[in-house]
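In: quick check, what structure comes out for this input:
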Amino acid sequence: MPITLLKQSTPRYRADIDGLRGIAVLLVFAYHLGTARCRGGFVGVDVFFVISGYLIGSIIHSEIANCTFSLASFYERRVRRIFPALFVVLCASCCFAYRNFLPIESKSFAKSLLATTLSVSNIFFLHQSGYFDGPAAMKPLLHTWSLAVEEQFYIFLPFFLLAIRRFSPRAKLWLVATVASLSFVVSVIGVFHNREATFYLAHTRAWELLLGTLVAMDAFPRLSSLSRNIAAFSGLALIFFAGYFLSAATPFPGVAALLPCAGTALIIAGGRSGPSLASQCLSFTPLVFVGVISYSLYLWHWPMIVFQGMGGFLIQGVSPKTAKLAVLGASFVVATLSWRFIEQPFRGRRFMLSRPAIFSYAAASAAMLVALGSSILFTNGLPSRFPSEAVKVASFLESSDSTTESQYRVGKCFLIGKDSYNQFDPSVCLHRDPQKKNYLLIGDSHAAQLWYGLSSVFPDANIMQATASGCKPTLEQNIGADQKCIQLMHFIFSEYLPNHPVDTLLVAARWDQGDLARLPLAIATVKPQAREVVLFGPIVQYDSALPRLLALSIKQNKPQIPADHRIAYYQSLDAEMATLAATKLGVHYISYYKLLCKQQACLEYAEPGIPLQSDYGHLTGEGSVLIALRIRDSRGLN
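Out: You can find the predicted model right below:
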């Protein structure tokens, strides 16, 4: 995330770069708000990286050439430009977390607070990206990963440019280009082997910042009027193409990151040769203003999205669209105030503190945040804020332990890695028992969660399992489906079932409307290979984790809170699927709503003090057993 205004550091201010930063932050904002037409809005961060590499690289390269560069001065500027606004955002997030977060959530927040303060949040969130870890919507500091990447990069860049300062200009360009190329190659390879690490770590992102530095070092030739117009418009086209056509399923960064990065480099390089029509468009005053406040807007928008989604701290009882508009407006207001009264005074040196004072205040502020985060961890998340019963219920939010993984059979029969098909173990997952009825359970995590309960409640049945995260049990998969899912479903439908018929095939998933058109072909294909096919409908789901809703209902003495957050869409989908199963598919249908709900009231506890579900919809172990018991009692399985 860029943090400098070019007009404050270099002789010639370029409004088009601020306009470009405006586009970048709007892309990120739209993506975080869930705008359907901006599925690839995350590329705004890559645009920021290239701009930042250009701006900071320009300053360092120029000052080294003029023999005026000072590490102390460089890091003083970094502190002045980054830390004041970040410190206020962190303090505000702490206040909202204290009010809204349950003890277990407070512990996770405290760890992220420590990581952000120490500029290692990218590494922290890398290790928080497992399948059963808390969703992004519960991590108000998640967006700081990009700040950490930049700060780690700017530990390296000054020393690197200082080390090569005596080389010829051509040699320096080749050395920087070589390092950038190595980083790019590692990124391209890494995205197919460890996508999360490639996304979060500095060394696989360094090429993006170095690309900007190369532009600052005149690696690209000066362009004629026609050429720079073509370059600038091509750059804009690449950025918008990436924002519109890429998605979370795209292997990224890797080669795909070339689109926004090359586009940004083309715009900046073209502008160094002179004005263009594209640069005039980017210099549109409102867009430039968005770019000017982009750092504060980036800092504030994500915590506001998170806290609005968790507790409606801005507005309550409105539609999701209205809530998004409220977040959008409030973010711009707060960002403008942050830029005017926090960023500008420190950047413009209105607070004329000496360099030692700046470093001392920054160190003291960081120490305060570290002490605060440590105290939250030391007190186990400040549980005294909640009744003991609420604390117990909230503890089920921590569902990433070995017990949950064993209940799902993660890594053998439930695959979660993008390319984890080779981990599937047919000798275990598809082991047949000639003395029992052989049931085969296929689908995604909403299928995998059933295995533990069914295996416990139906001892006379052998429950086999072939499941993968995000994997619908259909022949046709969504665009961008993981390779593991495509391979697993192809094996089950085309190889295993034709040669190994089963007594009962259990089909379950987190269904949505688009899946209904794919079900007839899938069911027709497997019917000859199973004596009976059982289709599970959508499970009862909430817009927040059920344990946190139950804990809040206990604290506030409002039993209706979980029901207020139940998503009505899935009940209507359940009715539609029940009709489809009876009229067109000709299969037995199991409705969770009939098993769990009566007169708009749905079961929320599996046992006293034990939630039925551990998050928005996944069953706890006890919940899985309860579902299986109700299926048995209703004779849903033979």
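In: tell me which residue lies farthest from the centre of the protein.
Out: Distance from the C-alpha centroid of the chain, by C-alpha atoms, centre = their mean, peaks at residue 435 (46.0 Å).
In: so where's the stretch 101-250 of the chain uncertain?
Out: For the stretch 101-250 of the chain, residues meeting the criterion pLDDT under 70 lie at 130-136.
In: and the helices in it?
Out: For the stretch 101-250 of the chain, the helices defined by DSSP state H, counting those that start in this stretch occupy 103-117, 121-126, 145-163, 169-190, 195-200, 206-216, 225-245.
In: and of those, who's closest to residue 45?
Out: When these are compared by C-beta to C-beta, helix 145-163 sits nearest residue 45, at 5.0 Å. For every residue, glycine as well, the C-beta is placed using N, CA and C.
In: dump that closest one to PDB, restricted to CA.
Out: C-alpha atoms of helix 145-163 as PDB (Å, rounded to 0.1, in the frame of the first residue of the first chain):
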ATOM      1  CA  TRP A 145      -0.600  -8.000   5.300                       C
ATOM      2  CA  SER A 146       0.300  -5.800   2.400                       C
ATOM      3  CA  LEU A 147       1.800  -3.100   4.700                       C
ATOM      4  CA  ALA A 148       4.000  -5.800   6.200                       C
ATOM      5  CA  VAL A 149       5.100  -6.900   2.700                       C
ATOM      6  CA  GLU A 150       6.100  -3.300   1.900                       C
ATOM      7  CA  GLU A 151       8.000  -2.700   5.200                       C
ATOM      8  CA  GLN A 152       9.900  -6.000   4.800                       C
ATOM      9  CA  PHE A 153      10.800  -5.000   1.200                       C
ATOM     10  CA  TYR A 154      12.000  -1.500   2.300                       C
ATOM     11  CA  ILE A 155      14.400  -3.100   4.800                       C
ATOM     12  CA  PHE A 156      16.000  -4.700   1.800                       C
ATOM     13  CA  LEU A 157      15.800  -2.100  -1.000                       C
ATOM     14  CA  PRO A 158      17.900   0.800   0.400                       C
ATOM     15  CA  PHE A 159      20.800  -1.600   1.200                       C
ATOM     16  CA  PHE A 160      20.500  -3.200  -2.200                       C
ATOM     17  CA  LEU A 161      20.600   0.100  -4.100                       C
ATOM     18  CA  LEU A 162      23.400   1.300  -1.900                       C
ATOM     19  CA  ALA A 163      25.400  -1.800  -2.600                       C
END
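In: mind listing what's buried in that helix?
Out: Neighbour counts over helix 145-163 (16 or more other C-beta atoms under 10 Å) mark 145-154, 157-158, 160-161 as buried.
In: name the helix or strand of this structure that has the lowest mean pLDDT.
Out: Sorting the helices and strands of the chain by mean pLDDT, DSSP states H and E puts helix 402-408 at the bottom, at a mean of 81.
In: longest single helix anywhere in the chain?
Out: Counting residues, the longest helix found in the chain (DSSP state H) is helix 71-100.
In: quick check: angle from that helix to helix 145-163?
Out: Helix 71-100 and helix 145-163 are oriented at 170 degrees to each other (axes from the mean of the first three to the mean of the last three C-alpha atoms, to 10 degrees).
In: C-terminal to the least confident helix or strand of the chain, what's the next element?
Out: Going down the chain from helix 402-408, the next helix or strand is strand 414-415, by DSSP states H and E.
In: so what's the gap between that following strand and the chain middle?
Out: The chain centre lies 20 Å from the centre of strand 414-415; the measure is C-alpha atoms, centre = their mean, to the nearest Å.
In: other residues contacting it?
Out: Applying C-beta atoms under 8 Å, 6 or more residues apart in numbering, the contact partners of strand 414-415 are 408, 421, 423-424, 445, 448, 465, 467-469, 471, 484, 488.
In: if we go to 6 Å?
Out: The contact list for strand 414-415, computed with C-beta atoms under 6 Å, 6 or more residues apart in numbering, reads 408, 448, 467, 468, 484.
In: mind putting those residues in TSV, distance to residue 188 included?
Out: TSV is the format used below for the contacts of strand 414-415 (distance: C-beta to C-beta, whole Å):
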residue	distance to residue 188
408	32
448	32
467	31
468	25
484	21
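In: ok, those vs residue 282, which is closest?
Out: residue 484 (41.7 Å).
In: quick check: phi and psi at the closest one.
Out: phi -60, psi -40 (degrees, to the nearest 10).
In: just list the residues touching it, thanks.
Out: 415, 420, 421, 468.
In: the spatially closest residue to it that is not a sequence neighbour - how many residues pack around it?
Out: Once flanking residues are discounted, residue 484 sits nearest to residue 421: 4.3 Å by C-beta to C-beta, 6 or more residues apart in numbering. By other C-beta atoms under 10 Å, the residues close to residue 421 number 18.
In: I figured residue 421 was touching residue 487, is that so?
Out: Yes - between residue 421 and residue 487 there is a contact under C-beta atoms under 6 Å: 4.2 Å.
In: that older thread, who are the packing partners of the longest helix of the chain?
Out: Judged by 3 or more C-beta pairs under 6 Å, 6 or more residues apart in numbering; DSSP states H and E, the packing partners of helix 71-100 are helix 294-311, helix 344-347, helix 355-378.
In: pick the most buried one from these.
Out: Ranked by mean neighbour count, the helices and strands packed on helix 71-100 are led by helix 294-311 with a mean of 24 (mean count of other C-beta atoms under 10 Å).
In: which stretches of this structure have low pLDDT?
Out: 1-11, 130-136, 311-312, 316-317, 348-352, 399-402, 478-481.
In: give me that answer again for 80
Out: Low-confidence segments of the chain (pLDDT under 80): 1-12, 36, 129-137, 249, 310-320, 347-353, 398-404, 417-419, 477-482, 638.
In: domains of it?
Out: Domain ranges of the chain: 6-383, 401-540+568-600+624-633, per automatic domain parsing.
In: in JSON lines: the helices and strands packed on helix 71-100, plus distance to residue 214.
Out: Output for the helices and strands packed on helix 71-100, formatted as JSON lines (distance: least, C-beta to C-beta, whole Å):
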{"stretch": "helix 294-311", "distance to residue 214": "23"}
{"stretch": "helix 344-347", "distance to residue 214": "26"}
{"stretch": "helix 355-378", "distance to residue 214": "31"}
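In: and these: which comes nearest residue 127?
Out: Nearest of those to residue 127, taken as C-beta to C-beta: helix 355-378 at 15.9 Å.
In: so what touches that closest one?
Out: Helix 355-378 has contacts (C-beta under 6 Å, 6+ apart) with 76, 79, 83, 87, 90, 106, 110, 113, 114, 117.
In: nearest spatial neighbour of the fourth one, skipping sequence neighbours?
Out: So that's residue 87. Using C-beta to C-beta, 6+ apart, the nearest residue to residue 87 is residue 365, at 5.2 Å.
In: so how far is residue 154 from the one you found?
Out: The gap separating residue 365 from residue 154 is 19 Å, by C-beta to C-beta, to the nearest Å.
In: quick one: contacts for residue 28?
Out: 41, 44.
In: now do residue 193
Out: By C-beta under 6 Å, 6+ apart, the contact set of residue 193 is empty.
In: export the least confident helix or strand of the chain to CSV, keeping only CA atoms.
Out: What follows is helix 402-408, C-alpha atoms only, in CSV (Å, rounded to 0.1, in the frame of the first residue of the first chain):
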residue,chain,number,x,y,z
SER,A,402,-7.1,-32.2,15.7
THR,A,403,-10.5,-33.4,16.9
THR,A,404,-12.4,-31.6,14.2
GLU,A,405,-9.9,-32.7,11.6
SER,A,406,-10.2,-36.3,12.7
GLN,A,407,-14.0,-36.1,12.6
TYR,A,408,-13.8,-34.9,9.0
